[in-house]
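Student: The following comprises the amino acid sequence and a computationally predicted model.
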Amino acid sequence: MPEPTPRTRADSTDRPHGLGRRTDAMLRSLLLLVALYHPLLAAWIALRLGSGLDLMVPSMAAAHTLLCVLCLLEHRNGRSLHAAATFLVGEALLLVLAYGYWGLAAQLRVQMVQLVPVLLVAAVLGRRPLAWATAWLCALMTLGGWIDAAGALFRPDRVLQAATDLAVSAFGAVMTAWLLHHSVTGLRESLHEARQRSQELARKRDELQVEMQARERSRDQLVHAMKMDNVGRLASGIAHDFNHLLALVLGYVAKARRSEGAALQDALQGADSATRRASAVSRRLLDFSRLEPGRPQLLDAAATLTAMAPVVQQVFDERVHCEVDTGGVQRLIHFDPAQLESILLSLAVNANQAMPDGGRFSLRLQPPQPDGALVLQLQDTGQGMSESVRARCLEPFFTTKPVGQGTGLGLSVTASLVAAAGGSVQVHSRPGAGTRIELHLPSRPLAPLAASA
């Protein structure tokens with residue numbers, strides 16, 4: 001199809017400035033078909049008539065074939081418009097010879113095969129070439145009808161027959177030209193609309209890409225802001241914890257200076273407990289960021305819990321009754337003892353803060369489950385948690401404490417370390433009914449010698 005220009009509709013249909021890729025292929029195929037048709041038709045007529053063949057038949061076939069070959073050469077050299085115009089003019093002149101020599105009646109059987117290629121190429125070139133070609137063909141048909149009537153000495157029956165042939169042929173040519181014109185015009189307009197839509201889609205795509213890039217930048221800025229907020233919350237919480245622990249250490253040191261004997265030992269033990277809690281705070285950060293690898297080893301669960309009991313009990317004040325019960329369980333767990341102590345201290349601190357008016361806290365070893373898992377149960381009688389808080393309590397940085405009074409890392413680090421050891425954490429809590437946390441850890445039976453020792 002000719003390439004439409006963006007100026008006016010008349011321009012896009014009357015004066016094409018080039019042929020499209022598909023129209024180029026169509027024109028090439030049409031020229032090849034016409035070049036083959038005429039010599040084959042001449043050969044068939046020669047076989048039928050033999051020595052009675054009119055020499056005008058092969059001459060016209062050779063002229064049509066030569067014209068098509070020249071047009072194909074022009075088309076191959078990239079001058080498709082020139083090739084189409086040459087074909088149109090050449091065929092119009094050759095049809096003058098055909099109608100002037102044989103008349104209209106002799107052309108009726110092959111008329112559409114001769115006229116359709118001419119009209120199709122004219123339609124490709126535009127509305128004006130199609131109109132001129134149609135008028136030219138109607139004039140040629142009139143010439144052929146005149147020759148038919150004159151050859152019969154203008155007998156009334158022959159004149160009527162020639163007029164009928166002329167009317168039918170002219171109507172067929174005009175109708176074919178009209179259909180081709182509207183078809184080609186519709187295709188051109190559709191192509192033009194498709195290109196406009198393609199350009200619009202390309203513009204929308206570019207706008208969408210710009211919008212997506214803007215959203216990505218906004219998202220990156222939001223993520224950065226969230227990171228900075230988390231870092232601020234983390235720093236304020238750690239600073240609060242360390243200030244509190246340092247105050248405890250300084251208090252115990254001051255008490256030790258004023259004390260002797262058993263009181264001195266109690267003060268030193270308190271300072272040691274506060275130092276361990278400060279170490280646990282820094283260890284929670286290291287465990288959460290995974291900058292410090294764990295050193296798991298086989299631990300006697302009951303013996304380890306008994307050894308940690310005094311440290312855990314130091315977390316609570318005198319209004320909280322703390323109970324540690326190993327239940328006579330003889331099982332081995334594979335865990336880092338420092339990480340286990342950090343977990344127990346962190347959960348004990350949370351329990352102590354949940355019981356500002358005092359209460360009970362218990363740390364028990366439950367008998368192993370059927371799958372061999374050992375359960376460390378920590379339970380308090382504190383304020384408890386709502387269902388929405390309980391559902392999110394294991395998320396990093398999630399805390400219900402005021403800004404600067406919590407990091408939101410205790411339970412999330414606990415869940416991460418327990419999961420790394422192949423276990424799981426379960427949290428049960430209701431508002432006003434306290435909280436029960438269960439650490440399910442893989443375990444194995446204690447060796448007989450170790451158990452007896």
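Tutor: Sure, I can see it.
Student: Am I right that Ser362 sits in a strand?
Tutor: Yes. Per DSSP: H, G, I helix; E, B strand; the rest coil, Ser362 lies within a strand segment.
Student: lowest-pLDDT helix or strand in this protein?
Tutor: The helix or strand of the chain with the lowest confidence, counting by mean pLDDT, DSSP states H and E, is helix 9-14 at a mean of 42.
Student: can you give me how far the lengthiest strand in the chain is from the chain middle?
Tutor: If you go by DSSP state E, the chain has its longest strand at strand 435-445. Distance, stretch centre to chain centre, for strand 435-445: 43 Å (CA atoms, centre = their mean, to the nearest Å).
Student: and what of stretch 195-213?
Tutor: Taking CA atoms, centre = their mean, the mean C-alpha location of stretch 195-213 is offset from the chain mean by 16 Å.
Student: and that stretch, C-alpha only, in PDB?
Tutor: Coordinates of each C-alpha in stretch 195-213 appear next as PDB, following Å, rounded to 0.1, in the frame of the first residue of the first chain:
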ATOM      1  CA  ARG A 195       0.000   3.700  12.900                       C
ATOM      2  CA  GLN A 196      -1.600   6.500  14.900                       C
ATOM      3  CA  ARG A 197      -2.600   4.000  17.600                       C
ATOM      4  CA  SER A 198       0.800   2.500  17.500                       C
ATOM      5  CA  GLN A 199       2.300   5.900  18.100                       C
ATOM      6  CA  GLU A 200      -0.200   6.500  20.800                       C
ATOM      7  CA  LEU A 201       0.700   3.200  22.400                       C
ATOM      8  CA  ALA A 202       4.400   4.000  22.200                       C
ATOM      9  CA  ARG A 203       3.700   7.300  23.800                       C
ATOM     10  CA  LYS A 204       1.700   5.600  26.600                       C
ATOM     11  CA  ARG A 205       4.400   3.000  27.000                       C
ATOM     12  CA  ASP A 206       7.000   5.700  27.400                       C
ATOM     13  CA  GLU A 207       4.800   7.500  30.000                       C
ATOM     14  CA  LEU A 208       4.300   4.200  31.800                       C
ATOM     15  CA  GLN A 209       8.000   3.600  31.900                       C
ATOM     16  CA  VAL A 210       8.600   7.100  33.300                       C
ATOM     17  CA  GLU A 211       5.900   6.500  35.900                       C
ATOM     18  CA  MET A 212       7.300   3.100  36.800                       C
ATOM     19  CA  GLN A 213      10.800   4.600  37.200                       C
END
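Student: Flag every buried residue along it.
Tutor: By 16 or more other CB atoms under 10 Å, stretch 195-213 has no buried positions at all. To be clear about C-beta, it is placed using only N, CA and C from the backbone, and glycine gets the same treatment.
Student: what's next to that stretch, contact-wise?
Tutor: Residues outside stretch 195-213 that contact it (CB atoms under 8 Å, 6 or more residues apart in numbering): none are found.
Student: one step back: parallel or antiparallel, which strands does the longest strand of the chain pair with?
Tutor: According to DSSP bridges, strand 435-445 has the following sheet partners: strand 331-335 (antiparallel), strand 373-380 (antiparallel), strand 424-429 (antiparallel).
Student: How about residues contacting it?
Tutor: So strand 435-445 is in contact with 301, 330-335, 343, 347, 351, 354, 366, 368-369, 372-380, 382, 384-385, 414, 418, 421-429, going by CB under 8 Å, 6+ apart.
Student: ditto for stretch 161-170
Tutor: So stretch 161-170 is contacted by 104-105, 108, 111, 138, 141-142, 144-146, 148-149, 152 (CB under 8 Å, 6+ apart).
Student: Report the mean confidence score over stretch 217-227.
Tutor: Mean pLDDT, stretch 217-227: 67.
Student: so what's Arg360 up against?
Tutor: Val320, His321, Glu323, Asp380, Thr381.
Student: which non-adjacent residue is nearest the third one?
Tutor: Spatially, and ignoring its direct neighbours in sequence, Glu323 is nearest to Ser362 (4.5 Å; CB to CB, 6 or more residues apart in numbering).
Student: Distance of the one you found relative to Ser443?
Tutor: Counting by CB to CB, to the nearest Å, the separation of Ser362 from Ser443 is 20 Å.
Student: So the two - more neighbours on which side?
Tutor: Ser443 (25 against 16; other CB atoms under 10 Å).
Student: Now do the same for the more buried one: its pLDDT.
Tutor: Ser443 is assigned a predicted lDDT (pLDDT) of 89.
Student: do Val315 as well
Tutor: 74.
Student: How much space separates it from Asp380?
Tutor: Val315 is 12 Å from Asp380, by CB to CB.
Student: Likewise for Ala256?
Tutor: Taking CB to CB, one finds Ala256 at 31 Å from Asp380.
Student: More neighbours: those two, which one.
Tutor: Using other CB under 10 Å, the more surrounded residue of Ala256 and Asp380 is Asp380, with 26 against 18.
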